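Undergrad: quick one, fold the following:
(chains A and B)
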Amino acid sequence: MNALTIKNLSKHFDGVRAVDDLSLSFEKGRVTALVGPNGSGKTTLMHLLSGVTPFDSGEVVVGTTAFSHIAPYDISSLGITRTFQSVQLFEQISVLDNILVVLTERSVWASLFERHSKFHTEKAKGVLEFVGLWEKRSEKVEGLSYGQRKLLEIARVLAMNCEIILFDEPFAGLFPEMVKRVRDAISHMREAGKTIVFIEHSMQLIRELSDYVYVLDAGKLLAEGAPAHVLGERKVIAAYLGE
Amino acid sequence: MGYIIHLIILCLLFAINAMSLNLLIGYTGLLFAASAAFAGIGAYTTVFLLKSTELGFFPAVIISMLVASVMATLLGLVLNKFRDDYFALVSVGFQVIVSTVFMYWVGFTRGPLGIPGIARPTLLGLDFSSNIMFLILVAIIASVVYLFIKFLIGSPFGRVLKAIRDNEEAIKVFGYNTYFFKLTILSLAAMLCALAGALYASYITYISPPVFYLFESILLISIVTFGGLGSLKGPVIGAVIMVLLPEALRFVGFPPEVAAQMRQAVFGLALILLMLYRPQGLVGEYKL
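TA: Model (predicted):
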């Protein structure tokens, strides 16, 4: 069963076809890697799926419900959450508040009168301990290192507890110890049956983590299949390295 | 003693206005330059109701706050299309329009002549005509406003405002329709500005358009920035300093013919130095 399907999705920027009539499906509980050279449309596709950028045509099917438009504030109610290629946190509030803010009520009225309970604090503590940031909970985010910021973004995703998680280059720029922590987090989500889509350039990590691979080039699907099979295809190697 | 009471009342009135502006700039990151316009809407509406109806001061203030809230909501529908510098510019535009209306809608505001003879409030047999009684009234209202804002900011709603301030695109992805949060806080802040304006009108017993000009909005931004953005105490500290500093400089010994200008220059210099060395203000938690 597919958790997420896109049908004939297109997005053009001033004549550039960033995503060009693309149709893909993401099976429930499977880890799918999106790979391709720079400019192939991977990040644009993540933006389209999360409503950050509106798509020109096509549709996104979440479960069995089709959408011809997605607003960014609707995706969490559809069970989708994401990380960003360039880490997007709330810089001038504390690490703990960065987690608590995604655990609270979404409507204006409810958020005015809700008070954090032990449940919220325990949940925040759990995810921050998992990524090793509990000790930093009172610090402002702007003081964290790059790796810690990446981990906090992962912790926020864990706190959201959505069924579909989109990771945009979660390992980029991390040193080995941090890579291990992020890999553990993704493995943990996979074991919990989450549907994971991630963009990655490291072939080793793609082989290790993914069940299925889509290779994009110039906004179109170039190849798909199991990583061991796809990553060895001549046309995939050519797209990355040139003929 | 009367002079000290007068200064404390002014500090409190500016503090109420600054606390409301801090909700927008300090907590939500919206550089809003029309606080004085909403103070004016509160003042003129209250005075109009007092002079043309049988309403008492407090019901008139409540209605004027609601009027300000409705106008802020309408303004918010437009402002929502803008961000950052453009948001600030559009709010300046609104401020200028409202100031012009105050000056030229003579039938309602008496234009440059202003409206004299505004009554001080009474409530349940208590007469706030004397300055000491008015001070007690303003102190109670300022305390209630402070506690209300503390409640607001301490709630998850307040945390969402800070998240909007820091990264609006990101917080949207986590399920928040930021449009409604910004509209709500703009409406609340406008109500508090209107409250401060109505109290000011009642205290001075006279209003005229220049009191609600753009310069006053910029002064309020300076107060909030000086005291500290995103802090509960910051606007109060800023208001006290900004009201008392010019008074203190009276005793520095500037020649009388340039004293007023020198006081403004010293104030400007203090603001520049603070922004250079402590951009979050004296006790602020947020840097622009």
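Undergrad: tell me the backbone dihedrals of residue 64, please.
TA: All of this refers to chain A. Taking degrees, to the nearest 10, you get phi -120, psi 0 for the backbone angles of A:Thr64.
Undergrad: meant chain B, my bad for not saying
TA: Taking degrees, to the nearest 10 as the convention, B:Ser64 sits at phi -70, psi -30.
Undergrad: same thing with A:Ile196?
TA: The phi/psi pair for A:Ile196 (degrees, to the nearest 10) is phi -120, psi 130.
Undergrad: look up the residues forming beta bridges with it.
TA: A:Val31, A:Ile165 (DSSP bridges).
Undergrad: can you list the weak-confidence ranges in chain B?
TA: B:263 (pLDDT under 70).
Undergrad: flag every residue of it that's near chain A.
TA: B:152, B:155-157, B:159-160, B:162-163, B:165-167, B:169-178, B:180-181, B:184, B:230, B:285-287 (Cβ under 8 Å from any Cβ of the partner chain). C-beta coordinates here come from the backbone N, C-alpha and C atoms, glycine included.
Undergrad: and chain A, which residues reach chain B?
TA: Residues of chain A lying near chain B (Cβ under 8 Å from any Cβ): A:50-52, A:71-77, A:81-82, A:84, A:88-93, A:97, A:100-102, A:104-108, A:111-116, A:156, A:160.
Undergrad: how near is A:Ile199 to B:Thr28?
TA: A:Ile199 sits 32 Å away from B:Thr28 when distances are taken as Cβ to Cβ, to the nearest Å.
Undergrad: and if you look at A:Asp21?
TA: Counting by Cβ to Cβ, the gap from A:Asp21 to B:Thr28 is 41 Å.
Undergrad: who has more neighbours out of the two?
TA: For A:Asp21 versus B:Thr28, neighbours defined as other Cβ atoms under 10 Å in any protein chain shown are more numerous around B:Thr28 (26 against 14).
Undergrad: quick one: that one is in a helix?
TA: No: using DSSP: H, G, I helix; E, B strand; the rest coil, the secondary structure at B:Thr28 is coil, not a helix.
Undergrad: surely it is in contact with B:Arg159?
TA: No: B:Thr28 lies out of contact with B:Arg159 (Cβ atoms under 8 Å); the separation is 11.6 Å.
Undergrad: which strand or helix spans residue 98?
TA: If you meant another chain, say so; for now it's chain A. Assigned by DSSP states H and E, A:Asn98 belongs to helix A:95-100.
Undergrad: meant chain B actually
TA: helix B:84-104.
Undergrad: buried stuff in that helix?
TA: Buried positions in helix B:84-104, judged by neighbour count with 16 or more other Cβ atoms under 10 Å in any protein chain shown: B:87-88, B:90-92, B:94-95, B:98-99, B:101-103.
Undergrad: how about the strands in the stretch 1-150 of chain B?
TA: Here the stretch 1-150 of chain B has its strands, by DSSP state E, counting those that start in this stretch, at B:115-116, B:122-123, B:126-127.
Undergrad: name the helices or strands packed onto the first one?
TA: Right, strand B:115-116. Applying 3 or more Cβ pairs under 8 Å, 6 or more residues apart in numbering or on different chains; DSSP states H and E, we find strand B:115-116 packed against helix B:35-52, strand B:206-207.
Undergrad: which helices and strands does the first one pack with?
TA: Contact analysis of helix B:35-52 by 3+ Cβ pairs under 8 Å, 6+ apart lists helix B:2-25, helix B:57-79, helix B:84-104, helix B:106-109, strand B:115-116, helix B:178-204, strand B:206-207, helix B:214-227 as its packing neighbours.
Undergrad: gap between the helix holding A:Asn98 and the chain center?
TA: 19 Å (Cα atoms, centre = their mean, to the nearest Å).
Undergrad: can you check stretch B:39-54 too?
TA: With Cα atoms, centre = their mean, you get 17 Å for stretch B:39-54.
Undergrad: and if you look at stretch A:53-67?
TA: Worked out by Cα atoms, centre = their mean, stretch A:53-67 lies 17 Å from the chain centre.
Undergrad: now stretch B:55-62
TA: 19 Å.
Undergrad: ok, now stretch A:177-197?
TA: On Cα atoms, centre = their mean, the centre of stretch A:177-197 falls 11 Å from the chain's centre.
Undergrad: for stretch B:205-225, C-alpha coordinates in CSV please.
TA: C-alpha atoms of stretch B:205-225 as CSV (Å, rounded to 0.1, in the frame of the first residue of the first chain):
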residue,chain,number,x,y,z
THR,B,205,-8.1,66.3,29.4
TYR,B,206,-7.2,67.6,25.9
ILE,B,207,-6.2,65.9,22.6
SER,B,208,-5.0,67.1,19.3
PRO,B,209,-3.7,65.3,16.2
PRO,B,210,0.1,65.9,16.7
VAL,B,211,0.0,63.7,19.8
PHE,B,212,-0.8,60.7,17.6
TYR,B,213,1.6,61.4,14.7
LEU,B,214,4.3,59.2,13.2
PHE,B,215,6.9,60.7,15.5
GLU,B,216,5.1,59.2,18.5
SER,B,217,5.0,55.8,16.9
ILE,B,218,8.8,56.0,16.2
LEU,B,219,9.3,57.1,19.8
LEU,B,220,7.4,54.0,21.0
ILE,B,221,9.6,51.8,18.8
SER,B,222,12.6,53.4,20.4
ILE,B,223,11.2,52.8,23.9
VAL,B,224,10.7,49.1,23.2
THR,B,225,14.0,48.7,21.5
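Undergrad: pretty sure B:Leu274 is touching B:Gly281, no?
TA: Yes: between B:Leu274 and B:Gly281 there is a contact under Cβ under 8 Å: 6.7 Å.
Undergrad: which ones are touching B:Thr122?
TA: B:56-57, B:128-129 (Cβ atoms under 8 Å, 6 or more residues apart in numbering or on different chains).
Undergrad: okay if I get the residues you listed as TSV plus distance to B:Ala39 and neighbour count?
TA: Supplementary listing: the contacts of B:Thr122 in TSV, determined by distance: Cβ to Cβ, whole Å; neighbours: other Cβ atoms under 10 Å in any protein chain shown:
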residue	distance to B:Ala39	neighbour count
B:Gly56	21	14
B:Phe57	16	21
B:Phe128	19	20
B:Ser129	22	11
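Undergrad: before we move on, the earlier item: which among the helices and strands packed on strand B:115-116 is found nearest to B:Val236?
TA: helix B:35-52 (15.6 Å; Cβ to Cβ).
Undergrad: in the closest one, what counts as buried?
TA: Residues B:35-50 are the ones in helix B:35-52 that count as buried (16+ other Cβ under 10 Å).
Undergrad: then stretch B:187-207?
TA: B:187-204, B:207.
Undergrad: confidence score at A:Glu243?
TA: For A:Glu243, the pLDDT comes out at 56.
Undergrad: what's the weakest-modelled helix or strand in chain A?
TA: Least confident element among the helices and strands of chain A, by mean pLDDT, DSSP states H and E: helix A:234-241 (a mean of 73).
Undergrad: C-alpha coordinates for that helix, CSV please?
TA: C-alpha atoms of helix A:234-241 as CSV (Å, rounded to 0.1, in the frame of the first residue of the first chain):
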residue,chain,number,x,y,z
ARG,A,234,25.1,3.0,-16.6
LYS,A,235,22.7,5.9,-17.1
VAL,A,236,22.7,6.7,-13.4
ILE,A,237,26.5,6.8,-13.3
ALA,A,238,26.5,8.9,-16.4
ALA,A,239,24.0,11.4,-14.9
TYR,A,240,26.2,11.8,-11.9
LEU,A,241,29.6,11.7,-13.5
